[in-house]
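Q: Fold the following and give me the result.
(one chain, ligands or ions: 1)
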Amino acid sequence: MKGHPRGAIVFDLHCDAVLAMDGGNDLSSARRSGHFDLVRARRGGLGAIFLAAWIDPRSLPSGSAARTLALLGELRRFIAENPRHVGLALGAGDVARVRGSGRLAVLLSIEGGHALENDLRLLECYAALGVRSLTLTWSNSNDWADASTDPLVTHGGLTVFGRRVVGEMNRLGMVVDLAHVSRDTFYDALLTSRAPVFVTHAGVRALVDHPRNVDDAQLRAIARNGGVVGIAFYPRFLSAGPAEDVGVEHVIEHIDHAVSVAGMDHVALGSDFDGIDCAPRGLEDASRYPAVSDGLRRHGYSETAVRKIMGGNALRVLRAATGR
Ligand SMILES: [Zn+2]
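A: The predicted structure is shown next:
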């Protein structure tokens, strides 16, 4: 075990730990359950993480904004109460500064475009609260974008309003996240966005035919856009076999396939910790990120390549899309 390459900033693009906070857990100390807390993140050498406010579609039709604000409040309180261990980051410069002071850089995102309640002014409010990425849909399609797992194909991609959301995100310096969206929404968003995008948490379709995974054509499109796909640690995206047989080597296989199609500069990590009901063997929680660096190295990746995949690529997209 060598751990992370020297100078690497390990960056996880998606974590649902806010649900644990909302459930009353104190994430500043080690907890026995779940995946993420500050003690385990430090042990795992984590440098930056997007903590997502996941908006349960049961909050629809009119409670989504209130729920979003409550969860963003929860996340901002967590940051404010742990100033010696974490700092809010609004861009790549902040990540480097916060990490440079030995702390974890926390970035805020929202998962589920229904959080906007179809009002672009809310998007601006969320940006002002520090939100730097929005997943256009969750598992549910909304009034302006189709999801990959909603049986109803409502719009055939993004509506005119959906394209305005993407344009407004570009203007506000928020990274468009295309995890969860349907193929049509994915391509509509790529045609619309003037900045590189994230697919924060997914696997690759060539290895596991799951609707949440991205196919090779999508991987090539991400590369042309300059964006990244964050490989998730969710066993059901990683293998068609039993979840308990899934290990860190499956994550490496998905990274390796994505690299072979999209190239070294377009692959990242998006664990989905605390949003998944089981994690791979060897990647049980946030203390285990070094197993990914070690696995990549065993697979023949150079220190430079490992540094890019573990966080350098994600930082590049963050810098380009936020302009800071
Ligand atoms: Zn998700």
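Q: alpha carbons only for contacts and neighbour counts from here, please
A: Fine.
Q: list the buried ones in the worst-scoring helix or strand of the chain on mean pLDDT?
A: Counting by mean pLDDT, DSSP states H and E, the chain has its least confident helix or strand at helix 18-22, which shows a mean of 90. Going by neighbour count (16 or more other Cα atoms under 10 Å), the buried part of helix 18-22 is Val18, Leu19, Ala20, Met21.
Q: how close does the last one sit to Ser28?
A: Right, the one you point to is Met21. Separation of Met21 from Ser28 (Cα to Cα, to the nearest Å): 10 Å.
Q: now the longest helix seen in the chain: how far from the chain's centre is it?
A: Longest helix in the chain, counting residues (DSSP state H): helix 64-81. The chain centroid and the centroid of helix 64-81 are separated by 18 Å, computed with Cα atoms, centre = their mean, to the nearest Å.
Q: and what of stretch 53-64?
A: The answer for stretch 53-64 is 19 Å, by Cα atoms, centre = their mean.
Q: For the remainder of this discussion, apply numbering that starts at 31.
A: Taking 31 as the first residue, the last one we looked at is stretch 83-94.
Q: Surely Ala316 touches Gly77?
A: No - using Cα atoms under 8 Å, Ala316 is not in contact with Gly77; the gap is 11.3 Å.
Q: Over to Cys155. Which of the three states is it?
A: Three-state assignment for Cys155 (DSSP: H, G, I helix; E, B strand; the rest coil): helix.
Q: What about it, how many residues nearby?
A: 13 (other Cα atoms under 10 Å).
Q: can you check Gly53 too?
A: Neighbours of Gly53 under the rule other Cα under 10 Å: 9.
Q: give me phi/psi at it?
A: Torsion angles at Gly53 (phi, psi; degrees, to the nearest 10) stand at phi -80, psi 10.
Q: Report the buried residues of stretch 97-105.
A: Buried residues in stretch 97-105, counted by 16+ other Cα under 10 Å: Arg97, Thr98, Leu99, Leu101, Leu102, Glu104, Leu105.
Q: what helix or strand is Arg162 on?
A: Assigned by DSSP states H and E, Arg162 falls within strand 161-165.
Q: Which parts of the stretch 81-230 of the chain are strands?
A: Counting by DSSP state E, counting those that start in this stretch, the stretch 81-230 of the chain has strands at residues 116-118, 134-141, 161-165, 205-207, 228-232.
Q: Nearest to Ala321 among these would be which one?
A: Ala321 lies closest, by Cα to Cα, to one member of the strands of the stretch 81-230 of the chain: strand 228-232, at 18.2 Å.
Q: So which residues make contact with that closest one?
A: For strand 228-232, contacts defined as Cα atoms under 8 Å, 6 or more residues apart in numbering pick out 43-44, 205-209, 242-244, 257-262, 267, 299-302, 347.
Q: Looking at it now, give me its mean pLDDT.
A: When pLDDT is averaged over strand 228-232, the result is 98.
Q: quick one, that strand and strand 161-165 angle?
A: Counting by axes from the mean of the first three to the mean of the last three Cα atoms, to 10 degrees, strand 228-232 points 60 degrees away from the direction of strand 161-165.
Q: State the next helix or strand along the chain beyond strand 228-232.
A: Downstream of strand 228-232, the first helix or strand assigned by DSSP H and E is helix 246-255.
Q: Run the angle between that following helix and strand 228-232 for me.
A: Interaxial angle of helix 246-255 relative to strand 228-232 (the same axes, to 10 degrees): 150 degrees.
Q: so what secondary structure elements neighbour helix 246-255?
A: strand 258-261, helix 278-292 (3 or more Cα pairs under 8 Å, 6 or more residues apart in numbering; DSSP states H and E).
Q: Contact partners for Gly117?
A: Counting by Cα under 8 Å, 6+ apart, Gly117 touches Ile109, Val128, Arg133, Leu134, Ala135, Val136.
Q: burial of the fourth one, as a residue count?
A: In other words, Leu134. Look at Leu134: counted by other Cα under 10 Å, it has 30 neighbours.
Q: Go ahead and confirm it touches Pro113.
A: No - contact status for Leu134 versus Pro113: not in contact, 9.9 Å apart, counting by Cα under 8 Å.
Q: Spell out which residues sit in contact with Ala83, please.
A: Listed by Cα under 8 Å, 6+ apart, the contact set of Ala83 reads Asp46, Val48, Thr98, Leu101, Leu102, Leu138, Ser139, Ile140, Glu141.
Q: Just flag the most distant two among those residues.
A: Farthest pair in the contacts of Ala83, by Cα to Cα: Asp46 and Thr98, 13.3 Å.
Q: Need the residues touching each of the two.
A: Counting by Cα under 8 Å, 6+ apart, the common neighbours of Asp46 and Thr98 are Ala83, Trp84.
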